[in-house]
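1. With the sequence up front, the predicted model follows.
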Amino acid sequence: MQLHIIEPTLNHPSGHCFTIVHALAKAAHAAMPDLKVHAWTGKQFDPESMADVPLQIHPYFHRKIRRFQLWGLLRKLCADEQTVLLPTAGRPELALYSLIPHRWRQHGDVWFYLHQLRMDGSRAKRLSMLATKIPQANILCTHPSLLDKLAQAGFQNARVQPCPFEPPVQAFSDTTFEQLIFPGEARVDKNLPFIHELLRHLKAVDANIPVMIQAGPNHHGIFSDTIRKILSDIQALNYAHLDMPQCSLAGDHYLQQFAGGICLQPYQTGDYASKISGITLDALTRGCPCIAQKGTWPAEVVDEFQAGIVCENQDVAEWTAAIRQVIDHYPLYQQGCVRAMMALSERHHPLRTLETILGDQA
């Protein structure tokens, strides 16, 4: 029995793509020792960075031709009657799958995990056209609103599946507040411009609150001109209590920032209304309360467990008040994190995803 996990943009040992692949491989080894897991990654990925879990890594995809490579690989794996998971798929991956002749496609068991769908302009019509070609495609998605969009388009075999992540090995210890954190890749959809404005306001009111901004590049290892300009503007503020590593933190270095932290998630509602945040899962299950923007998936989770504060608006004064409230009542919000850890560690356990994909074989 084999499972092929395909992540064409996985080139570095950090970020959501790495976490998902690692979590699935680790869970498979623990619960399904007869399952051989393959990971098809970007060409630059170093297999040694995942040497702690037994899986066969294939550094395969070149950036400029990865879609052509993906079509060929999917066709081959289908013809070989393999089970395949694309854990961060989207419309382009579904389109490539639809181009594989049915005589090959019918033999494979291919699963697509969708984290978001933009339906503006002609995108809804294009999605419906795809559904007429592959109505029975196996699709997992993160949120009921995404499931509604897929069903309306005509996909008949879609379902909500909590995104797999790697739960902590042990419960976190109670800590005191140490710093505000803004983890992960520096992106506009995560509202880095608002973080700039918030930091400007904190300096103006002499807040003297330590802040760590993990200004990581994208999965190609580069910064866009827009992001580079915002990061430069943040540095130009000369905020005395700022720590801003311009790199992607991985492993323990990434996880250590959550101890004593308050995670800032002013994410754009248009992008994160139904899109899961692995950072939210990592933060709450490690005792780090979150402050999130209303109308986003992180805000839903924060509100469910009372593990932080949901802000109504993107207003620096409102966010500063929320920050002070969480600092002043840090142990209370950590209790919300305890509730979140207990529920989310089971809800999002990677074994649940493997059971869905493999069915009776699991």
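-> Perfect, thanks for sending it.

2. May I have the secondary structure class of Arg118?
-> coil (DSSP: H, G, I helix; E, B strand; the rest coil).

3. Would you list the phi and psi of it?
-> In terms of degrees, to the nearest 10, the main-chain angles of Arg118 are phi -90, psi 130.

4. what number of residues lie near it?
-> 13 (other C-beta atoms under 10 Å). C-beta: built from backbone N, CA, C; applies to glycine.

5. Would you check how far apart it and Phe68 are?
-> Arg118 sits 24 Å away from Phe68, going by C-beta to C-beta, to the nearest Å.

6. now do Val205
-> 53 Å.

7. Repeat that for Ile20.
-> Computed as C-beta to C-beta, the Ile20 to Phe68 distance reads 24 Å.

8. repeat for Leu146
-> Computed as C-beta to C-beta, the Leu146 to Phe68 distance reads 28 Å.

9. between the two, who's got more neighbours?
-> It is Leu146, of Leu146 and Phe68, that has more neighbours when counted by other C-beta under 10 Å, with 21 against 12.

10. which ones are touching the residue lying closest to the more buried one once chain neighbours are set aside?
-> In this structure, Leu146 finds its nearest non-sequential neighbour in Ser274, 5.0 Å apart by C-beta to C-beta, 6 or more residues apart in numbering. Residues near Ser274 by C-beta atoms under 8 Å, 6 or more residues apart in numbering: 116, 142-143, 145-146, 297.

11. Pull out the buried members of those residues.
-> For the contacts of Ser274, a burial check counting by 16 or more other C-beta atoms under 10 Å picks out 116, 142-143, 146, 297.

12. Out of those, which sit inside strands?
-> Residues of these located in strands (DSSP state E): none.

13. Looking at these, which one is closest to Phe194?
-> Trp297 (17.4 Å; C-beta to C-beta).

14. do you know how far the closest one is from Gly278?
-> 11 Å.

15. what residues are shared contacts of these two?
-> With C-beta under 8 Å, 6+ apart as the test, Trp297 and Gly278 reach no residue in common.

16. In helices only, show me the buried ones among the contacts of Ser274.
-> When DSSP state H is applied, the buried ones among the contacts of Ser274 are split such that 146, 297 fall in helices.

17. With pLDDT and distance to Asn11 added, can I get the buried ones among the contacts of Ser274 in CSV?
-> CSV is the format used below for the buried ones among the contacts of Ser274 (pLDDT from 0 to 100; distance: C-beta to C-beta, whole Å):
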residue, pLDDT, distance to Asn11
Gln116, 85, 21
Thr142, 90, 23
His143, 91, 27
Leu146, 92, 27
Trp297, 95, 26
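
18. Looking at the buried ones among the contacts of Ser274, which is nearest Ala343?
-> Taking C-beta to C-beta as the measure, Ala343 sits nearest to Trp297 out of these, at 15.1 Å.

19. any idea how far that closest one is from Asp206?
-> Counting by C-beta to C-beta, the gap from Trp297 to Asp206 is 34 Å.

20. and if you look at Lys149?
-> 47 Å.

21. For those two, indicate the residue with more neighbours.
-> Taking neighbours as other C-beta under 10 Å, Lys149 and Asp206 compare with Lys149 leading, 22 against 7.

22. The more buried one sits in which helix or strand?
-> Using DSSP states H and E, the element containing Lys149 is helix 144-153.

23. Can you tell me whether I have it right that Ala292 is in a helix?
-> No. Applying three-state DSSP, one finds Ala292 to be strand, outside a helix.

24. So what's the residue count around it?
-> 27.

25. beta partners for it?
-> The bridge-partner assignment for Ala292, based on DSSP bridges, gives Gln265, Val310.

26. how about the nearest residue to Pro135, chain neighbours excluded?
-> For Pro135, the closest residue by C-beta to C-beta, 6+ apart turns out to be Gln156, at 5.0 Å.

27. I figured that neighbour was touching Asn138, is that so?
-> No. Gln156 lies out of contact with Asn138 (C-beta atoms under 8 Å); the separation is 10.3 Å.

28. Mind checking which of the two has more residues around it?
-> Counted by other C-beta under 10 Å, Gln156 and Asn138 do not tie: Asn138 has more neighbours, with 19 against 12.

29. who's in contact with the more buried one?
-> 109-112, 157.

30. Throw together a PyMOL command that grabs the buried residues out of the residues you listed.
-> Buried residues among the contacts of Asn138 (16+ other C-beta under 10 Å), as a PyMOL selection:
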select buried, resi 109+110+111+112
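
31. now, which of the contacts of Asn138 sits nearest Lys64?
-> Nearest to Lys64 among these is Phe112, at 22.8 Å by C-beta to C-beta.

32. Report the secondary structure state of the closest one.
-> Phe112 - assigned by three-state DSSP - is strand.

33. For Thr88, what is the enclosing helix or strand?
-> Secondary structure (DSSP H and E) places Thr88 in strand 83-89.
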